[in-house]
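> quick one: sequence and predicted model below, then my questions.
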Amino acid sequence: MDYKENIAAGTASRRTMGNAASSSTAPSIKREPTELKIKPLSPTNSIDALQKDTKDNIKPEPIDAARVFLDRGLPLPGYLAAEAGPSNDASSSASAPKKDEGEDVPVPLHEGDDVPQAQSAPRTGYKVYEASDDIPYSPETALSEGTKMVKAMKASIDKIELGSKLRKEVWLREIESLESQGSPTTMIAICGATGAGKSSILNAILDDNIVPTSGMRACTAVVTEIAYHPKKTVNADVSFLSEAEWKQELAVLLDDLVDEDGNLKRTKDLKSDSGVAWQKVHAVYPSIEAEDLIRMTVDQIIARDPKIARILGTTKNIVAKDSTAFGKEISKYIDSKDQKRGDKKKKDKAKDKEEKKDKSKGQSFFDMLRGDASKKREKEKDGGDEAAFWPLIRQVRVRCNSAALSTGAILVDLPGVADANAARNNIAKEYMKKCDCIWILAPITRAVDDKTARDLLGDAFKMQLMMGGYYGNYDAHAITFVATKCDDISCSEVIRALNLEDEPDLVEIEERIDLCNDDIGEWNKKKSEADKVVKGIEKQLNKIREIRQEHEDHVEALENNQPFTPRLTGKKTSKKAAGKKRKSSSGGKKGSPKRRRTSASDDEDDSDADMDDDISNASGNDSDEESGSESGSGSESSSDSEEEEEVTVESLKVNIKEASEAIKVGRQQLTEARKTRKEATDMLATLKKKQAEAQKEKNAFCARKRSEFSRDVLKEDFRTGLKDLDDAEAEQRDPDSFDPTVNIRNYEEIDLPVFTVSSRDYVRLTNQVKGDGDPACFSNVEDTGVPAVQQWCHTLTISSRERAARNFLTHLKTFANAVRSYVEGIGEVTEIDRATLREKWESTPPDDVINFNFADAEYDFGDLGNLGGLYAMNNKPAQKVDAYGEPTGVTPRLVKDFAKIIDKTVEELQERFKDGLEEKMQAGAEQAAASALDTSDTFASTMHWATYRATLRRHGSFRQDLNVELINPMTRNIASSWSRVFEGDLFATFDASTKAAIKKLVQEVEESAAVALKDRVRNQAELSLEEANVSLTKTLETVRETMNAQQKEISRCLAPHVQDQLVDGYDRAMEERGRGSVARQKAVFHDFIDDVKDEVFTGGADVVMTRLTQASNAVGEALEEALAALAEKVEVSLAVLWEGQRDDPAAVRKRLEMVKQMMEITRQVQLWLAAEGAHRSSSPA
């Protein structure tokens, strides 16, 4: 069948791909204004020559499901709309061709022609940009838009005929690899002792109260992983210990509760081992008494509560609308039961109060007593039977919508290394192995001490970091120190410790504080004086009001002819005989109107402070005047007959009027006095506010100075600690030539990131917590340091996110070019030339089907990661062979060359491990064995006997890890060597050799091509090399990451190995009971260490070297899989040179559509890469 026949034969079956996508959006198609040209596939059978010939052979296109809806003006259903794609796509101008009587109108190749032409690229959903400046670049948007382009490519590839099954397999594999690439995550391990403020700083970073901060006993003991999700809800997975893990834990706790004689220990001290053990067991099984508990087996205890047994090994999923609801929901699992009872007690108390009101009526005294006693017993029973779950929690995974985590940071709150629960401790260690960064938290009050960094970054921890690859090529992002509680400040201590007395800013602040204090003292005096005046006036006014009220009562009595005995005036009258000066000061029962009137009149002239005395004196003077008046009138009177004038209603009313006038004047004076007092009070409030602000400035100033000092101390001490390790290793390596004055590395480049934060002031300033008062130290959010830590979360993820986006775009670009190269064809190639190339370089017959699946390997590759989604060939198809029976073609040739390279790479890895580490490992083992007895004895002698016994019970790992201390000499000896081995590029030679092998092969293909094809073959060879380099880069990146993870795992295998070897010794020591058992336990373990020390540590060295050998072999096998797929990819790329294509009009149209689509995708990817470059150059270093 010739070229024209091929076109005619395939027309009816292959015409629907481009039109289906276009017809889902519009009823007609707009002709393209520009012409798309493609080189003819053969001299006589070019597309231009076939335009008129194929016009009459095109059959009507069948109407698809989407067109049925569109022709009737109906909206597309969701499942059809998804297939058609959204409207804002790469070809928004595309539309379906107009129809005439049910028949499609084909789109001409050139304007004015009537033959098929490539339609606009099908709608795909990615946004089209005309310039890179228009792109709002971020790694996440790049991945999102790129994924949409990949989906468009996949849809097009599924609808075209490919030249071979191998090509389809390779292309679909590429698409799967591209689709699987997402935004990477960065795992941050947060370490810190209890009280370091981890929960508070986490909530501040998250800008929400996600992590419990109080009353949660499980908080410090449970691994909590906090990640981002775009939902507004707060979700969590709470996983519980398995039955085996809980049994192991129970067995240890029961041992902690029993003394040497099998009796129950004292459990009241909650800080003791027995107190902690009882607290945990009683929380889960509250109905079991301690005396009964120690007589029960572990299985009996678990069988006691089926509810607890059912929850073991399960995971509880929590979905809450916000953090408040989340806190209530998760508190069911992590709150202590004491808190639950406290809440219940309050509810029960209120309920009991209401019930008592309702039921108290009609009950006898004994009924009430019986009811209260019964209720009390029920309450105790309910509270006692309520089990708590917090000791059973294994791990908590939280997902929330926090901006700080939106770029891929995952925060992991790790418990202390001395967690008593083995399962949780193991989880913490696993996270430490796979985390990307480590944050060390400590209160800043400890950071002021220059030994803090040495304590928190001790030798053992530093050596693990060195062996973990953190120190080799130092990464400033790997380790971060966060000093918390910066608002906890004592200015006097900081000023004295840092010699800040002469700081100008501080002097100015203290002057303002002193001025405020002086002003406050003066205004306090004014306020005190005003208070006295106000109190005096109020006192006199109260007395006048009482006298006026007595006069009014007296008037009422006289008007009603009722007897009346004055209380206030009567007392004063009775004092007449005691002295002449004030004998009638109070008037008496029959007071004189003139006397009362004069008294009231004098009140108006008296001063406010002496009003009481003046009124009394005025009354006395009135009496003398009345006596004189009576004598002058010639009235007869004698000393034993002093009768007062009779009190009348009129005289009383006059007195009442005078008293009212006096009250009016007193009120005016009181108002003035109160005004003066308020002025003083307001001024004091203003001054105290200024004083508080100045004091807060002083606190903030001192806090900043302390933070600066702490940062410098921590950074320098970190450098010093690293230098100490380097010097110790250098001295041990070559004692004769060691010079401590010569730095092994540039330590000035070691810049430990240190942040000083105040989470408490941050949440107060941001109102994250209601009712928590004003900030104690800082006045603005930035000074709290929390925003800097939040930004640091983004900074830690920048490199991985940008690298992933850049690699993805590069991969997508090369793949789009490969697809475009295939669908365009290679131009004028004779069948003879094709056959020549095919015969020499094609590895399989065209009709063979190649099946790929993952190879079963003896070694466990679970830890080696996914090498780009690549496959291995298990069921190989029949291959072309040469005269000697050897497979021929591109793929077998490359696989053979790659095998030699891989073998050499594995051999070099093993030699590097052996040369760099084996000797150091053996020397370290000897040192560890030599110091094992001293280490063990020192460990035992410096520890309380109960803690030592608890450590033995937990096989050496409790508050301190004896196993780690035993291997410290060993790890110290190999730490620097380990770092040097893995800090270099282990696969540089492999990379260069692989690229050289591919380049050599494509050169041979070029040399074997006909002279007329040289240029075209050279272009295709360059494209093949570009594709191979992209795939190889991705494979090597994955292998490097996997090898790094493997070496972290291997570097931490020594302590578990030692622990396993010493289990018998731990158990034998614990068998000692009774009087003197502690001394016997120490002796038993000492003797056991003495017997096995050589085998334990030498065996540890052998384990490490064996694990390294296995890791290198596993890397080799994984590389075989990856490079086998790479070989196939190179052949598929080169196969364009010899593969023919279907040439029916439908196939031609589809290819033209794909060419246009690939050109547009390539253009868009190029714009995104340009935007990425501009973004990278504009970002701060």
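Right, received. Where do you want to start?

> switch to C-alpha atoms for all contacts and neighbour counts from now on
Noted.

> give me the neighbour count for residue 676.
18 (other CA atoms under 10 Å).

> and the helix or strand hosting it, what does it pack onto?
Assigned by DSSP states H and E, residue 676 belongs to helix 649-733. Contacts defined by 3 or more CA pairs under 8 Å, 6 or more residues apart in numbering; DSSP states H and E place helix 649-733 against helix 444-447, helix 452-456, helix 491-498, helix 504-559, helix 593-605, strand 754-756, helix 962-983.

> can I get the ones you listed in CSV including mean pLDDT and mean neighbour count?
Output for those, formatted as CSV (pLDDT from 0 to 100; neighbours: other CA atoms under 10 Å):
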stretch, mean pLDDT, mean neighbour count
helix 444-447, 76, 21
helix 452-456, 51, 17
helix 491-498, 89, 14
helix 504-559, 91, 17
helix 593-605, 39, 21
strand 754-756, 92, 24
helix 962-983, 83, 22
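
> need these in TSV with distance to residue 1082, can you?
Below are the helices and strands packed on helix 649-733 laid out as TSV (distance: least, CA to CA, whole Å):
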stretch	distance to residue 1082
helix 444-447	35
helix 452-456	27
helix 491-498	45
helix 504-559	58
helix 593-605	96
strand 754-756	42
helix 962-983	13
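
> quick one, which of the ones you listed is nearest to residue 234?
Comparison of the helices and strands packed on helix 649-733 against residue 234 by CA to CA identifies strand 754-756 as nearest, at 27.8 Å.

> circling back to that earlier point, to residue 815, which of the helices and strands packed on helix 649-733 lies closest?
helix 962-983 (32.8 Å).

> now do the closest one against helix 649-733, angle only.
Here the directions of helix 962-983 and helix 649-733 differ by 70 degrees (axes from the mean of the first three to the mean of the last three CA atoms, to 10 degrees).

> picking up where we left off before, for the helices and strands packed on helix 649-733, which one sits closest to residue 327?
Across the helices and strands packed on helix 649-733, closest to residue 327 is strand 754-756 (CA to CA), at 27.8 Å.

> so which elements touch whichever strand or helix holds residue 1163?
Following DSSP H and E, one finds residue 1163 within helix 1145-1178. The elements that helix 1145-1178 packs onto, with contact taken as 3+ CA pairs under 8 Å, 6+ apart, are helix 3-9, helix 17-23, helix 139-157, helix 786-824.

> could you dump those helices into CSV and include mean pLDDT, mean neighbour count and distance to residue 266?
Listed next are the helices and strands packed on helix 1145-1178 as CSV, based on pLDDT from 0 to 100; neighbours: other CA atoms under 10 Å; distance: least, CA to CA, whole Å:
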stretch, mean pLDDT, mean neighbour count, distance to residue 266
helix 3-9, 36, 18, 94
helix 17-23, 38, 23, 78
helix 139-157, 88, 20, 58
helix 786-824, 88, 20, 44
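
> in JSON lines: those helices, plus distance to residue 1170.
Listed next are the helices and strands packed on helix 1145-1178 as JSON lines, based on distance: least, CA to CA, whole Å:
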{"stretch": "helix 3-9", "distance to residue 1170": "40"}
{"stretch": "helix 17-23", "distance to residue 1170": "30"}
{"stretch": "helix 139-157", "distance to residue 1170": "12"}
{"stretch": "helix 786-824", "distance to residue 1170": "10"}
